[in-house]
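In: task: produce atomic coordinates for the following.
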Amino acid sequence: MNDTELDTILTDPAARTLYYKEMVEGYYNRVTDTYRRAWGDSFHLAIFTGSETLQEAVLATERWVADAGGFRPGMRVLDVGCGIGGPALNIAEYSGAHVTGINIVPRQLKLARLRAAERGLSARTHFELADAMQMPFLTGAFDAVYMFDAGCHMPDKAQFYQECARVLRPGGVFLGNEWLRKEGLAPAEEAQYIEPVCRYFAVPHLVTLGELGLYLTAAGFDIEVLEDTTVHGNILRNWELMDDKNLAGVRAVLPSLMFKTIKGLRSLAPGLLPPVLRLLTDGGIALSEAARAGAFLIGHWRARKPTAAEGQ
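Out: The predicted structure follows:
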């Protein structure tokens, strides 16, 4: 897929749903290397509790989810939308559980397997090419399922959450963090803040925290926790860091240009930046503006699949 074809899909909400596989693979084939340099090997946002670094906050966020899920040795855990294996490797090492990661981007899976071998974690992890809306696993195959900022890429949310319930054993836990939009946004606010986020990050559409709860309930889960992650720490630092990294990345490519702010960066003519850097810069700006306006949030949930007795 060339840049023009990808951009055509990204700019059309209907096409983002219809061609989501091609879109997600095309997007991550382009941005993975830059993501790694700018953000690290875990492609998700972090919860900050103090003055810790980005990498410290990312790791703490992953360990928080592992602790909340009660991950421990002997457990079979599924990571949905595993990227290049950042969370899966960290959680397998931290908890002792065996983690299977799934993804629809072959290049990222290759990197995940290489990184597992480098860290001596090949025996405790497995990475497989699979669509999370049609998983190739037996019913009840996992003791726990988690994800970080990955369900937003699924066009059929109902089918996705039903599949997560299906592959989870009775009594198993499903939890994670997810990109969401604020409840009650006016159409103009969605057009101004949410549509750019979806376009620049290869997202078909975003749901609200309340809609997430409805999908979980419809899939048969008992919800234990459903909340905005701001109750656990500082989310704003993600956008501060994102702004800093956007500015630094463009200055590295175009050192002669004079700009000091994100607004100044946005004013650059599109043709001045390489396509990937333009995509990520515009995306970072859109995400920062949506979050600061309160239109975008990171939701957290923990839900459990009822046991047979509870389901009767």
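In: now do the contacts for residue 61.
Out: 44, 46, 47, 148, 177 (C-beta atoms under 8 Å, 6 or more residues apart in numbering). (Glycine included, C-beta is placed from N, CA and C.)
In: grab the nearest non-local neighbour of the first one.
Out: Looking back up the chat, that one is residue 44. residue 148 (3.7 Å; C-beta to C-beta, 6 or more residues apart in numbering).
In: gap between the one you found and residue 61?
Out: Distance of residue 148 to residue 61, computed by C-beta to C-beta, to the nearest Å: 8 Å.
In: what of residue 97?
Out: Relative to residue 61, and taking C-beta to C-beta, residue 97 is found at 17 Å.
In: same check, this time on residue 124
Out: Distance from residue 124 to residue 61, by C-beta to C-beta: 20 Å.
In: repeat that for residue 292.
Out: 20 Å.
In: cool, residue 140 as well?
Out: Taken as C-beta to C-beta, the span from residue 140 to residue 61 is 28 Å.
In: what stretches of the stretch 151-300 of the chain score poorly on pLDDT?
Out: The model of the stretch 151-300 of the chain has pLDDT under 70 over residues 243-274.
In: at 50 instead, please
Out: Across the stretch 151-300 of the chain, residues meeting the criterion (pLDDT under 50) sit at 250-251, 253-259, 269, 272.
In: residue ranges of the helices in the stretch 1-150 of the chain, please?
Out: Remark: helices assigned in the stretch 1-150 of the chain by DSSP state H, counting those that start in this stretch are 3-10, 13-18, 20-39, 54-68, 86-95, 106-118.
In: what's the single longest strand in the protein?
Out: strand 168-181 (DSSP state E).
In: okay, the angle between that strand and helix 54-68?
Out: Relative orientation of strand 168-181 and helix 54-68, computed by axes from the mean of the first three to the mean of the last three C-alpha atoms, to 10 degrees: 140 degrees.
In: which positions in strand 168-181 come out as buried?
Out: 168, 172, 173, 174, 175, 176, 177, 178, 179, 180, 181 (16 or more other C-beta atoms under 10 Å).
In: can I get that strand as CSV, trimmed to CA atoms?
Out: Extracted in CSV, the C-alpha atoms of strand 168-181 (Å, rounded to 0.1, in the frame of the first residue of the first chain):
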residue,chain,number,x,y,z
LEU,A,168,-11.4,-16.6,28.5
ARG,A,169,-12.1,-19.4,31.0
PRO,A,170,-15.0,-19.1,33.4
GLY,A,171,-13.9,-17.0,36.3
GLY,A,172,-11.1,-15.5,34.3
VAL,A,173,-10.3,-11.8,34.2
PHE,A,174,-10.3,-9.3,31.4
LEU,A,175,-8.7,-5.9,31.9
GLY,A,176,-6.7,-3.1,30.4
ASN,A,177,-6.6,0.5,29.3
GLU,A,178,-8.3,2.0,26.2
TRP,A,179,-8.6,5.2,24.2
LEU,A,180,-12.0,6.6,24.5
ARG,A,181,-14.0,9.8,23.7
